[in-house]
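J.: quick one, structure for this:
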Amino acid sequence: MTTRLVLVSDTHLPLRAKRLPATLWHDVDSADLVVHAGDWVQAPLLDELEARSRDLLAVYGNNDGPELRRRVPEVARRRVEGLSFAVVHETGAAQGRERRMDAAFPDADVLVFGHSHIPWDTTTERGMRLLNPGSPTDRRRQPDFSWMRATVDGTELEVELVRLAPGQESPRSDATG
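T.: Predicted coordinates:
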């Protein structure tokens, strides 16, 4: 069995954009699981993702108020096939992140996080995969908007960073194993 995932974070709707990119909605519609690592800003996107996703695993971020904090946790966990996923919004500074997250999430195989709006894909010393999909609506200092597509097959994880240039509808992607 193969499980298809979409990883997204830092959507900041409607402050940074009025809507998510159409290509991202297409990915959401075809995914088995959508993972959102926080900073929704307002609840209507949560409502829409709950309605359109087959399954949703989500947390709140530092820009999310009381309504979102009532509806989604600060940390979420889920087993996806043979891998243990954890999701959190903030992980602190990039320097030392791998060591800190190994200590904070000793039972996770994969940690999805957000906050920086900077795509990140590394593996810690003990083998945990750290993934930050960036932001599909607020690229900050990045050249492109971004999110991730991933597939889990047993204990194998393949990740593809999807990049969408400003003003474009067709994304580019970078696949990693």
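
J.: switch to C-alpha atoms for all contacts and neighbour counts from now on
T.: Will do.

J.: and the strands in the protein?
T.: For the chain, the strands defined by DSSP state E occupy 2-8, 33-36, 56-58, 75-80, 83-88, 110-112, 120-123, 129-132, 145-153, 156-164, 172-176.

J.: for the nearest residue to Glu67 once chain neighbours are set aside, give its distance to Val110.
T.: Spatial nearest neighbour of Glu67, chain neighbours left out: Ala43 (7.1 Å); criterion: CA to CA, 6 or more residues apart in numbering. Using CA to CA, to the nearest Å, we find Ala43 at a distance of 26 Å from Val110.

J.: one more: Val28?
T.: For Val28, the distance to Val110 - CA to CA - is 20 Å.

J.: swap in Leu49?
T.: From Leu49 to Val110 the distance is 22 Å (CA to CA).

J.: more crowded one of those two?
T.: The residue with more neighbours, out of Leu49 and Val110, is Val110; 22 against 18, by other CA atoms under 10 Å.

J.: low pLDDT regions in this protein?
T.: Residue ranges of the chain with pLDDT under 70: 176-177.

J.: returning to that earlier point: as TSV, the strands of the chain with distance to Ala94 would be great.
T.: Shown next, in TSV, are these (distance: least, CA to CA, whole Å):
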stretch	distance to Ala94
strand 2-8	19
strand 33-36	20
strand 56-58	22
strand 75-80	19
strand 83-88	15
strand 110-112	14
strand 120-123	10
strand 129-132	11
strand 145-153	19
strand 156-164	19
strand 172-176	20
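
J.: between those, which one is nearest to Arg16?
T.: strand 145-153 (11.5 Å; CA to CA).

J.: parallel or antiparallel, which strands does the closest one pair with?
T.: Paired with strand 145-153 in the same sheet, following DSSP bridges, are strand 2-8 (antiparallel), strand 156-164 (antiparallel).

J.: give me the contact list for the first one.
T.: Translated: strand 2-8. Strand 2-8 is contacted from outside by 27-28, 30-37, 80-81, 112, 133-136, 147-154, using CA atoms under 8 Å, 6 or more residues apart in numbering.
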